[in-house]
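Asks: have a look at this prediction, sequence included:
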Amino acid sequence: MTETIQPNEPDNAADILKSRLHDSLKRHPKRIVFTEGEDVRVLKAADLLVKDELIAPILLGDKARIKVLAVKHNIDTKFILILDPKKASDLSLFCERLKNIAKYKGKVISDPKELISRPHNFAAMMVQYGQADGIVSGNKTHPVTIARAVTNFIKPLAHVPKVFSAVAMTAPHIENFGKDGLIILADCGVNPEPDVSELAAIAIETGKLAHHLLGRTPRIAMLSHSTHGSMSTPSSQKMKAATVLAKDIIAKEYLELEIDGELQIDVALDPSAAKAKLHDTRAQQPVDVLVFPNLDASHIAYKLLQNVAGANCYGQLIMGLTRHAAQVPMTASVEMIAGTAALVASESIKYRQLHPEEEL
């Protein structure tokens with residue numbers, strides 16, 4: 001049995017996500033590497049995580065510049081490890097490993113040192129070979145940079161067809177925002193048009209994340225413009241088929257997940273709408289995971305929730321890999337960066353519990 005994070009009742013609903021993670025991270029501290037360490041937001045987030053004794057932060061970048069920035073903002077870096085990839089002791093080791101990988105694939109790397117000394121590649125190597133437990137990136141670069149690094153240097157999960165992303169959101173001020181005030185949305189950043197098998201895998205893996213965070217059986221909604229055949233279109237049929245496939249996998253693997261689809265968003269979130277449109281009382285409970293039919297729908301939905309409705313956003317978590325990473329937006333706040341790092345660390349805890357004997 002894996003450890004789950006026990007639900008608590010936070011004094012402030014805005015701290016729901018933090019309350020889910022705090023105790024678990026204190027028992028299992030993890031090393032999270034931040035690829036763009038020359039950013040005061042990252043320094044402040046690292047400072048918060050150290051003070052709360054949740055994470056051991058590793059900041060990549062020019063050590064002198066980061067130290068100057070820390071002094072300017074009165075941040076103690078005693079328990080924050082700062083590494084310059086170009087001068088790191090592991091650089092030559094990672095270069096040799098890159099050469100071996102390239103040789104296995106029948107390729108030749110002309111300048112492995114230059115390639116590996118790039119912060120995102122160096123961080124991916126650190127995580128893959130056990131020098132860190134997770135990555136947070138994106139605060140100063142485009143999503144494709146971190147996506148390319150992790151997919152090139154981190155092993156994928158064999159049972160997940162494609163890498164995808166998930167965003168955890170809290171919104172204590174919004175009615176019907178999940179049973180516990182936390183909803184996870186997927187895939188919000190990678191696959192433009194996932195097929196049936198990919199959607200089923202996205203639903204199951206995101207459901208596992210929700211189970212770990214909430215400490216109970218989560219409900220997953222496969223979203224559409226249709227509810228249980230109210231409109232028959234290729235898109236709604238795809239979501240219906242993905243639901244059937246996911247249910248079959250859940251039953252075969254005895255997973256503690258509940259899934260329904262295809263569902264309209266009001267049916268998924270609002271019990272009164274579900275009561276009016278569905279006869280099954282089990283389907284009238286709020287959902288914890290929203291799986292979207294395509295990238296346009298998911299990305300627009302989470303940006304609207306964040307920028308118009310004022311929901312708190314953590315992630316995007318990059319899912320489907322044997323190690324853990326997240327890409328935050330360039331506009332990320334200190335609180336978002338710290339919360340995302342906590343989520344990445346939590347995922348690392350879950351994976352190590354499921355695969356305790358795995359060799360790094």
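Replies: Received it, and whenever you're ready, just let me know what you need. Numbering: from 1, shown residues only.

Asks: use CA for all of it now, contacts and neighbours both
Replies: Noted.

Asks: all strands of this protein, in order?
Replies: Taking DSSP state E, the strands of the chain run over residues 30-34, 55-60, 81-83, 134-137, 164-170, 182-186, 219-223, 258-263, 289-291, 312-319, 324-327.

Asks: low-confidence ranges in the chain?
Replies: For the chain, the stretches flagged by pLDDT under 70 are 1-20, 280-284, 350-360.

Asks: buried ones in stretch 258-267?
Replies: Within stretch 258-267, the residues scored as buried using 16 or more other CA atoms under 10 Å are Glu258, Ile259, Asp260, Gly261, Glu262, Leu263, Gln264, Ile265, Val267.

Asks: now the fourth one: closest residue in space that isn't a chain neighbour?
Replies: So that's Gly261. Of all residues not flanking Gly261 in the chain, Met222 sits nearest, at 4.7 Å (CA to CA, 6 or more residues apart in numbering).

Asks: hmm, the one you found is touching Val267, no?
Replies: No - contact criterion CA atoms under 8 Å: Met222 and Val267 do not qualify, at 10.9 Å.

Asks: which helix in the protein runs the most residues?
Replies: Once the chain is assigned using DSSP state H, the helix that runs over the most residues is helix 334-354.

Asks: buried residues, it. List them.
Replies: By 16+ other CA under 10 Å, the buried positions in helix 334-354 come out as 334-350.

Asks: distance check, the residue nearest the centre of the chain against Leu185.
Replies: The chain has Leu317 as the residue nearest its centroid, 1.8 Å off, counting by CA atoms, centre = their mean. In this view, Leu317 and Leu185 are 10 Å apart by CA to CA, to the nearest Å.

Asks: what sits in contact with each of those two?
Replies: Applying CA atoms under 8 Å, 6 or more residues apart in numbering, one finds that Leu317 and Leu185 are jointly contacted by Ala166, Val167.

Asks: dihedrals phi and psi, the nearest residue to Leu295 once chain neighbours are set aside?
Replies: Excluding the flanking residues, the one nearest Leu295 by CA to CA, 6+ apart is Pro192, at 4.7 Å. Main-chain dihedrals, Pro192, degrees, to the nearest 10: phi -60, psi -40.

Asks: residues near Pro192, how many?
Replies: With neighbours defined by other CA atoms under 10 Å, the count for Pro192 comes to 14.

Asks: OK, contacts around it?
Replies: Pro192 makes contact with Asn294, Leu295, Asp296 under the criterion CA under 8 Å, 6+ apart.

Asks: returning to what we had before: from Met330, how far off is the residue nearest to Gly261?
Replies: Taken as CA to CA, the span from Met222 to Met330 is 29 Å.

Asks: and the two? Which one has more around it.
Replies: A count of neighbours by other CA under 10 Å puts Met222 above the other of Met222 and Met330, at 27 against 13.

Asks: show me what that one is bridged to.
Replies: Counting by DSSP bridges, Met222 is bridged to Gly261, Val291.

Asks: give the contact list for it.
Replies: Neighbour list for Met222: 203, 239-240, 242-243, 259-263, 290-293 [criterion: CA under 8 Å, 6+ apart].

Asks: still on that earlier bit, and the longest helix of the chain, what other elements does it pack with?
Replies: helix 16-27, strand 30-34, helix 40-51, strand 134-137, strand 312-319, strand 324-327 (3 or more CA pairs under 8 Å, 6 or more residues apart in numbering; DSSP states H and E).

Asks: measure stretch 77-87 end to end?
Replies: From its first residue to its last, stretch 77-87 covers 19 Å (CA to CA).

Asks: please disregard the earlier target; I meant stretch 276-291.
Replies: 22 Å.

Asks: okay, now Pro234: neighbour count?
Replies: A total of 9 residues lie near Pro234 under the criterion other CA under 10 Å.
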